[in-house]
Structures are given as C-alpha cells and as structure tokens.
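S.K.: just to be clear, the model below is a prediction. Sequence and coordinates:
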Amino acid sequence: MITQDFQQKLSEKAKQAEAIVYRFLPPESGYQKTVLEAMNYSVEAGGKRLRPLFMMASFRLFGGQGEIVEPFMAAMEMIHTYSLVHDDLPAMDNDDYRRGRHTTWKAYGEAMGVLAGDGLLNYAFETALKAFDVAASEEYPRVISALQVLAKKAGVYGMIGGQCADVEAEKKQIELTEDRLLFIHELKTAALIQSSLMIGAILAGASPEQADKMERLGYDIGVAFQIQDDILDVIGDSEELGKPVGSDAKNEKQTYVTIHGLENSRKEVERLSKEAISLLQELNGDSAFLEGMVDYLIDRRK
C-alpha cells in the first residue's frame, strides 16, 4: 500500500530529478534551433522520471555522494525520451498524443520527429561524458564502466534490440512465443531500468557482484512495469493515462495479458515485485525508498 507520505516524497524527488534533467537541456539557438526546440519539447512533456529516480536512489543506496551521477540521470531521461519520440512515429505506433498533448512528430512534422529522437540519443552521450568534469581522477574508471553499461543497454543488445523484435512481432513477421515476448519486455522496457540501477551503483563504487544484483532487480521491476502497462491498456482510464487505451487490442497486438489473461498477469506483476523487494532487502543499506517505488509500480493507475 502506497502511503501519502511516500507519494509526497516521490513527488518531491521527481521534481528534483526533473530539475537536474532540465539543467542539461541544450539552448535553443543557431540554424538547428528547430530540432533543439523539438528535443526540449519532447523532454518537457513530463513523465514520471522513473529512470533518473532509480539511478539516484541506487547511487544513494551504495553511499554515493556528489554530482557525478547527475549527467547520467539527464542522459538516461534523454535516451528514454528519444525512444518514445521514435515509438510515436507513423512508421512505428503512429500515435498523435502522449501525456495529454501532441506527440513530437505531430507537433513538428515527421522528419523533425526523427531528427529530434536522433538528436536526443546523441546529446545523451555528450551529456553523460560531462561526468568527467566533476569526477575525481580515481573515479574515472567508474565513469567508463557506467558509459559501457549505458551504451549496451540502449543499443542493439538492449532497448533497440527489443524494439526490433517488437516491430517484427507486430508485423507478424515472427511468431510471438512467450519467451520472445519476455525477451521484448526485458530489452525494450527493463534494459533502461537495469541501466539506471547499475549505473547508480557503479558510480557509487559498488562491487561487480552488487551491480549484477541491481541488473537482476531491474529485470524484475522492468518486466513487472511492462505487464502493468499492458494491464492498464485494458482497464485504464484514457484521461488518467494521457493517451488512448485499448490500442493493443485495436492493433491486434499480442501482450502478456492477451496470452495469460488479466488475473494471471496481475499475479505475475505481484510475484516479480515481491522478488524485487527481496533482492533489495538482501543489500546493506536503506532501501526503503526503492521498495516504495516497487510498490508504487504495482498500484499505479497511469
């Protein structure tokens, strides 16, 4: 059960994370001003800021101090946002609205939507590299390790790989087995949550074994999050969600819910969430906020 105190704390931390992200956004000037405006429009559309929140919480859990994590928090939100910008394109999901307002391609045109996504992905790595500006020399290996995780989890062995399998499944080019569906969920959704938790831990000086545990935690959270998203597409409220519901059924898209039904899908979200909390409780540190975030993802309505 999510308490009012936790909701308030989550809201405050989300605002803090958002302020960090906004601080790293590019100025809107020069001949490329339009794409910069479209990039910022995309990030400023709002959202839960879950990934930078996970990163900061993991960083603190392992005793991290200072500003070294902040460029990575902003970079992560840029990468997440670029994936949404490209998801909404006519060639992908062809969505006109996200978070209650026009999607980027609808506001700026399809070509600029493509470029805005490209721009955010590239600018994310420019931003992450700024961690070297605030890191002590002995922390450089941590930054390099964090960059390796970021690149892999965002790329063809991470989110893009999951998106590829998802596109082929939607176009009925491959059979969508349960194993393949979980592969899509792990890479398309969980990979950036894994990356956030791992990077926070790595930058704080966690051991490789601890970083591996955060990767497993990210899998549980990410897959549970995606299944809950599938559930909300069936039972959610479009005004609450800020986007139409029922799009999976309309597009004849196979999801965890269509394969297993609502009740079993809810049970799987609960099982994964309990496993995630057990993993957190095995760690030495104050994991109360991360545990609260897991509970929040189970109970969320949007």
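M.R.: Perfect, thanks for sending it. Numbers count the residues shown, from 1 in each chain.

S.K.: in stretch 137-150, what counts as buried?
M.R.: For stretch 137-150, the buried set under the neighbour-count rule, 16 or more other CB atoms under 10 Å, comprises 139, 142-143, 145-147, 149-150. To be clear about C-beta, it is placed using only N, CA and C from the backbone, and glycine gets the same treatment.

S.K.: can I get the residues you listed in a markdown table including distance to A128, pLDDT and secondary structure?
M.R.: Compiled in a markdown table, the buried residues of stretch 137-150 are given as follows (distance: CB to CB, whole Å; pLDDT from 0 to 100; DSSP: H, G, I helix; E, B strand; the rest coil):
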| residue | distance to A128 | pLDDT | secondary structure |
| --- | --- | --- | --- |
| E139 | 14 | 98 | helix |
| R142 | 12 | 98 | helix |
| V143 | 8 | 98 | helix |
| S145 | 12 | 98 | helix |
| A146 | 8 | 98 | helix |
| L147 | 6 | 98 | helix |
| V149 | 11 | 98 | helix |
| L150 | 6 | 98 | helix |
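
S.K.: for the residues you listed, which one is nearest Q16?
M.R.: A146 (20.3 Å; CB to CB).

S.K.: state the number of residues packed around E175.
M.R.: Burial of E175 is recorded as 9 neighbouring residues (other CB atoms under 10 Å).

S.K.: what about it, which SS state?
M.R.: coil (DSSP: H, G, I helix; E, B strand; the rest coil).

S.K.: what about the closest residue to L61 other than its chain neighbours, which SS state?
M.R.: What sits nearest to L61 in space, not counting adjacent residues and going by CB to CB, 6 or more residues apart in numbering, is G285, at 4.6 Å. What three-state DSSP gives for G285 is coil.

S.K.: relative to R216, how far out is G285?
M.R.: 16 Å (CB to CB, to the nearest Å).

S.K.: what is the burial count for the nearest residue to E37 once chain neighbours are set aside?
M.R.: Nearest residue to E37 in three dimensions, chain neighbours excluded: E28, at 5.0 Å (CB to CB, 6+ apart). If you count neighbours by other CB under 10 Å, E28 ends up with 15.

S.K.: what's the answer for G64, then?
M.R.: G64: 20 surrounding residues under other CB under 10 Å.

S.K.: just to be sure, it is in a strand?
M.R.: No: using three-state DSSP, the secondary structure at G64 is coil, not a strand.

S.K.: just read off the phi/psi values of it.
M.R.: Main-chain dihedrals, G64, degrees, to the nearest 10: phi -70, psi 140.

S.K.: OK, contacts around it?
M.R.: By CB atoms under 8 Å, 6 or more residues apart in numbering, G64 lies in contact with 200, 203-205.

S.K.: in terms of pLDDT, where does the closest residue in space to A38 that isn't next to it in sequence sit?
M.R.: Nearest residue to A38, sequence neighbours excluded (CB to CB, 6+ apart): A116, at 3.8 Å. The confidence metric pLDDT takes the value 98 at A116.

S.K.: what about A116, neighbour count?
M.R.: 29.
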